[in-house]
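> Provided below for reference: sequence and predicted model.
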Amino acid sequence: MSKKLITKDEFIKNIGKLFDEEVVKMRSEESYLQARFRASGIADCPRALTLQLLNLPEDKYPRAKNDTAKGFKLMQHGTDIHTFIQKVLIHMGLMTEDDLEEQKRIQDDEKYLLSGHPDGVLTLKDMKCLLEIKSINSGGYKYLKEPKIAHFYQGHTYLAFLEMQYGLKLAGIIFLYAERENDDMGFKPFWIPRDQKVIDMVFDKLLSMRATLESGKIEEIPAGYDPTNKKMIPCRWCPFNNTKLCRSGKNKISEFPEANIVANIQIQEKNV
Ligand code: SF4
């Protein structure tokens, strides 16, 4: 695709703004290609997850502030930290190139409509387990005493799909939290054994959301959630918390004519 060139003066004057615009554009193209439930969001609100799967154009349905260039730049910063840690662990002989996310990408397009990128498999003397690297700011790092709940469910989702897709039966997960803003990069590692009950909950949630979409609906606002409450987490931070998306009151896919839902969902609209 040919791109519009800019002059030296335009570069000097506008590179910050142009860079941010391109970051958002690239991210939106990536999201379009990955219109699946994401393992990283498996603990999220089901209404947010089904809205995300509609893959609505962002010019007509703008997301709230989270989907900004700042958020994506931060994510890239985290990715760089992951790559560095993986490189050192490979050098230590605890991982191989074959254990990394590029080789162990998760994608289930048939039943669960899920995609994800586990950070890798660790081979220790006494076991093989999943490694999940999380970069975290210093404030969060200081008070961290256990893996975050979203990461706990994400890790179990990876365990389940690594077993299904690659036949890898792993004993559990080591979460390695790295302090992002410390040049010396402190670590807090946590061990979580595999729990089949959690894996079953993940499968149930995925199948239930799929069934909702197949019946032509989007998940309702779950009990206990309140998008109008500015203090409430997770609604406060939710990218779908606006009047065009979550607060639109719409519960049918047909009410979003621009929805570009993954092709293998056969929608049978039922009266709501
Ligand atoms: S605003 Fe709250 S209820 Fe609505 S989709 Fe987001 S998290 Fe769910």
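Nice, thanks for sending it over. Residues are numbered from 1 along each chain as shown.
> how many neighbours does the residue of the stretch 1-150 of the chain at minimum distance from the ligand have?
Of all residues in the stretch 1-150 of the chain, the one sitting closest to the ligand is residue 45 (3.2 Å; CB to the nearest ligand atom). Any C-beta I mention is one placed from the backbone N, CA and C, and that applies to glycine too. Here the number of neighbours of residue 45 (other CB atoms under 10 Å) works out to 20.
> Give the burial count for the residue lying closest to residue 181 once chain neighbours are set aside, as a bare number.
Excluding its sequence neighbours, the residue lying closest to residue 181 (CB to CB, 6 or more residues apart in numbering) is residue 138, at 4.7 Å. By other CB under 10 Å, 11 other residues sit near residue 138.
> got it, and residue 59?
By the criterion of other CB under 10 Å, residue 59 has 8 neighbours.
> Also residue 24?
Neighbours around residue 24, by other CB under 10 Å: 17.
> Check residue 239 too.
Neighbour count of residue 239, defined by other CB under 10 Å: 19.
> ok so, going back, close enough to count as contact, the residue nearest to residue 181 and residue 185?
No - in this structure, residue 138 is not within contact of residue 185 by CB atoms under 8 Å, at 11.1 Å.
> Which residues are in contact with each of these two?
residue 179 (CB atoms under 8 Å, 6 or more residues apart in numbering).
> Output the contacting helices and strands for the helix or strand harbouring residue 156.
Using DSSP states H and E, the element containing residue 156 is helix 149-166. Packing partners of helix 149-166 (3 or more CB pairs under 8 Å, 6 or more residues apart in numbering; DSSP states H and E): strand 106-108, strand 114-116, strand 128-136, strand 172-179, helix 196-214.
> so which of those gets nearest residue 6?
Residue 6 lies closest to strand 128-136 among the helices and strands packed on helix 149-166, at 32.5 Å (CB to CB).
> Buried residues in that closest one, which are they?
Buried residues in strand 128-136, counted by 16 or more other CB atoms under 10 Å: 129, 130, 131, 132, 133, 134, 135, 136.
> which residues are contacting the helix holding residue 156?
If you take CB under 8 Å, 6+ apart as the criterion, helix 149-166 is touched by 39-44, 104, 106-108, 112, 114, 116, 118, 121, 130, 132, 134, 147, 168-170, 172-173, 175, 192, 194-195, 198-199, 201-203.
> and stretch 41-49, how far from the chain's centre?
From the chain centre to the centre of stretch 41-49 is a distance of 10 Å (CA atoms, centre = their mean, to the nearest Å).
> Show me what the mean pLDDT comes to for it.
For stretch 41-49, mean pLDDT rounds to 94.
> May I have that stretch as CSV, with CA atoms only?
Once non-C-alpha atoms are left out, stretch 41-49 reads as follows in CSV (Å, rounded to 0.1, in the frame of the first residue of the first chain):
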residue,chain,number,x,y,z
GLY,A,41,-9.5,-10.4,28.7
ILE,A,42,-11.2,-13.6,29.7
ALA,A,43,-12.0,-12.2,33.2
ASP,A,44,-13.6,-9.1,31.8
CYS,A,45,-17.3,-8.2,31.8
PRO,A,46,-19.1,-10.5,29.3
ARG,A,47,-21.0,-7.5,27.8
ALA,A,48,-17.7,-5.8,27.0
LEU,A,49,-16.4,-9.1,25.5
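> and the helices and strands packed on helix 149-166 as CSV, adding distance to the ligand and mean pLDDT?
Formatted as CSV, these follow (distance: least, CB to the nearest ligand atom, whole Å; pLDDT from 0 to 100):
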stretch, distance to the ligand, mean pLDDT
strand 106-108, 23, 88
strand 114-116, 19, 90
strand 128-136, 21, 93
strand 172-179, 24, 95
helix 196-214, 12, 96
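> how about these, which one is nearest residue 52?
That would be helix 196-214 among those, by CB to CB, at 10.4 Å.
> tell me the contacts of the residue lying closest to residue 44 once chain neighbours are set aside?
Counting by CB to CB, 6+ apart, residue 234 is the residue found nearest to residue 44 once chain neighbours are left out, at 7.0 Å. Taking CB under 8 Å, 6+ apart as the contact definition, residue 234 lies against 44, 45, 48, 225.
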